[in-house]
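> Output the structure for:
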Amino acid sequence: ADDLGYGDLGYMGAQDMRTPHIDRLAASGMTFTNFYANCPVCSPTRASLLSGRYPELVGVPGVIRTFPENNWGELSSDAVLLPSVLKQAGYHSAIIGKWHLGLEAPNTPNERGFDYFKGFLCDMIDDYYKHRRHGINYFRENEREIDPPGHATDLFTTWAIDYLNNRKLSKKPFFMYLAYNAPHTPIQPPNGWYQKVKTREKGITDKRAKLVALIEHLDHGIGDVVATLKKNGQIENTLIIFSSDNGGQVNVGGTNGNHRGGKQDMYEGGLKVPTCAVWPGKIKAGTRSNLVGITMDLYPTACAAAGAKVPDHVRGKSLLPTMLGQAQKLDRDLVFVRREGGLRYNGQDYHAFRRGDWKLVHNSPFEPYELYNLNTDPLEQNDLA
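From the prediction side, this is the model:
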């Protein structure tokens with residue numbers, strides 16, 4: 001999911017939200033209560049997901065944008081992306097939805113290892129129905145420009161289902177990266193979903209109702225995808241991992257539990273994301289883990305499940321032992337970096353650093369460092385610097 005906050009699902013405590021399909025998915029496997037995105041914004045986290053490395057080590061310390069003068073990353077040519085590694089283990093791979101790691105050659109999904117791509121290249125779309133960014137159409141099926149009608153969430157659901165049905169005809173294993181752009185701005189749910197929330201949740205603000213409806217609509221789509229896996233007999237042999245690229249955007253109604261901050265912040269609200277893993281018969285249903293994980297861990301985790309060799313330079317750690325109920329300890333520091341422009345950042349980095357229970361936060365290039373103990377102060381209220 002895109003910009004889905006830590007507190008914005010039913011199973012994560014949202015009282016005004018109905019997300020039965022994601023809740024059921026989480027209950028069917030293991031939920032991670034201490035899982036971090038690699039960055040509080042989109043592109044760097046996606047770079048980490050697909051490279052298994054810190055984003056600045058693969059050329060993406062900030063957001064890849066439509067215009068060169070405001071672009072803060074370019075995916076390194078030497079980054080070995082997950083589909084390329086899985087291909088060596090016999091996997092067919094697809095990305096459905098948001099790419100956001102390059103607008104042109106050589107950094108398009110097909111050129112970077114995916115066998116199939118149907119979605120959009122850019123950072124966001126300015127309208128869920130019109131599918132343009134700054135007036136430009138970035139929707140593609142592989143290298144071909146397409147202009148389909150419909151709400152983006154519905155399109156990605158349909159395309160994911162089409163891919164699963166197509167793979168049912170093949171004995172070859174598959175990897176599908178389904179990257180919805182919901183609930184990223186603009187907060188534009190189908191009207192029927194919005195009206196349903198407004199009717200059900202007495203006293204809810206229009207702003208919050210729109211976001212709730214957009215997430216509930218997303219949940220419905222995910223339910224359809226999981227139902228297809230079941231109908232096709234694919235689910236028993238499929239590892240499903242659900243996560244978000246960063247925290248929720250607070251000024252459009254997003255919530256991040258009780259955590260401080262949200263999207264763009266190095267506080268917990270910007271970095272901690274709802275995450276769960278399901279693998280019937282392998283991952284015990286209804287389990288929870290407080291192991292500290294991070295997006296780049298999903299790369300070696302997928303490789304371990306698929307029997308693929310992890311490249312030596314990958315910095316993420318496989319979480320498969322934890323998922324399978326085995327004892328696992330990860331004694332490591334975690335570093336979070338974002339570089340950004342504009343008057344707020346002036347092209348400089350800002351950071352967070354976690355070692356054990358200690359977290360150092362530099363939430364702006366122009367503010368002092370702050371220090372928190374997350375064991376005694378998980379909401380980052382008491383600066384010990």
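> Could you list the residues in contact with the particular helix or strand that has L25 in it?
L25 is located in helix 20-27, with elements delineated by DSSP states H and E. For helix 20-27, the surrounding residues in contact (C-beta atoms under 8 Å, 6 or more residues apart in numbering) are 9-11, 219-220, 222-223, 226, 240, 242, 276, 278, 285-286. Placement of C-beta: from N, CA and C, glycine included.
> Just to be sure, which of these are found in strands?
Using DSSP state E, the members of the contacts of helix 20-27 that fall in strands are I240, F242, C276, V278.
> Reformat the residues you listed as CSV; add distance to D2, neighbour count and pLDDT.
Below are the ones in strands among the contacts of helix 20-27 laid out as CSV (distance: C-beta to C-beta, whole Å; neighbours: other C-beta atoms under 10 Å; pLDDT from 0 to 100):
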residue, distance to D2, neighbour count, pLDDT
I240, 18, 20, 98
F242, 13, 21, 98
C276, 17, 27, 98
V278, 20, 23, 98
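> Distance to P321 for the residues you listed - can I get that in a markdown table?
Formatted as a markdown table, the ones in strands among the contacts of helix 20-27 follow (distance: C-beta to C-beta, whole Å):
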| residue | distance to P321 |
| --- | --- |
| I240 | 18 |
| F242 | 20 |
| C276 | 17 |
| V278 | 17 |
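> among the helices and strands of the chain, which has the poorest mean pLDDT?
Using mean pLDDT, DSSP states H and E, helix 342-345 stands out as the lowest-scoring helix or strand of the chain, at a mean of 89.
> got the contact list for L101?
The contact partners of L101, by C-beta under 8 Å, 6+ apart, come to S43, R46, A47, L50, V60, I64, L75, N107, R112.
> any chance you could map the helices in the stretch 51-200 of the chain?
Remark: helices assigned in the stretch 51-200 of the chain by DSSP state H, counting those that start in this stretch are 82-88, 152-167, 191-200.
> For these, could you give me CSV that also reports mean neighbour count?
Listed next are these as CSV, based on neighbours: other C-beta atoms under 10 Å:
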stretch, mean neighbour count
helix 82-88, 20
helix 152-167, 20
helix 191-200, 15
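> Compare these and give me the one nearest G341.
The closest of the helices of the stretch 51-200 of the chain to G341 is helix 152-167. By C-beta to C-beta, the value is 27.0 Å.
> tell me the angle that closest one makes with helix 191-200.
For helix 152-167 against helix 191-200, the angle by axes from the mean of the first three to the mean of the last three C-alpha atoms, to 10 degrees is 120 degrees.
> Isn't P280 up against S28?
Yes: the criterion here is C-beta atoms under 8 Å, and P280 meets it with S28 at 7.3 Å.
> Neighbour count: these two, which is higher?
S28 (19 against 16; other C-beta atoms under 10 Å).
> And that one, how far from A1?
Distance of S28 to A1, computed by C-beta to C-beta, to the nearest Å: 18 Å.
> repeat for D123
15 Å.
> and if you look at I136?
If you measure I136 against A1 using C-beta to C-beta, the figure is 24 Å.
> What is the burial count for T301?
Count around T301 with other C-beta under 10 Å applied: 24.
> rewinding a little: same question for the helix holding L25: list its buried residues.
H21, I22, D23, R24, L25, A26 (16 or more other C-beta atoms under 10 Å).
> Mind putting those residues into TSV with pLDDT?
Shown next, in TSV, are the buried residues of helix 20-27 (pLDDT from 0 to 100):
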residue	pLDDT
H21	98
I22	98
D23	98
R24	98
L25	97
A26	98
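> okay, the residues you listed in JSON lines with distance to V252 next?
Output for the buried residues of helix 20-27, formatted as JSON lines (distance: C-beta to C-beta, whole Å):
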{"residue": "H21", "distance to V252": "23"}
{"residue": "I22", "distance to V252": "20"}
{"residue": "D23", "distance to V252": "23"}
{"residue": "R24", "distance to V252": "27"}
{"residue": "L25", "distance to V252": "25"}
{"residue": "A26", "distance to V252": "24"}
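> just to revisit the earlier point, settle it for me: which of I136 and A1 has more neighbours?
Neighbour count, other C-beta under 10 Å: between I136 and A1, A1 has more, with 25 against 11.
> Look at the more buried one and report its pLDDT.
If you check A1, the pLDDT there is 98.
> show me the contacts for it.
Contact analysis of A1 by C-beta under 8 Å, 6+ apart lists Y180, A182, P183, L218, F242, S243, S244, D245.
> at 10 Å instead, please
Counting by C-beta atoms under 10 Å, 6 or more residues apart in numbering, A1 makes contact with 8-9, 22, 178-184, 215, 218-219, 222, 242-245, 248, 273-274.
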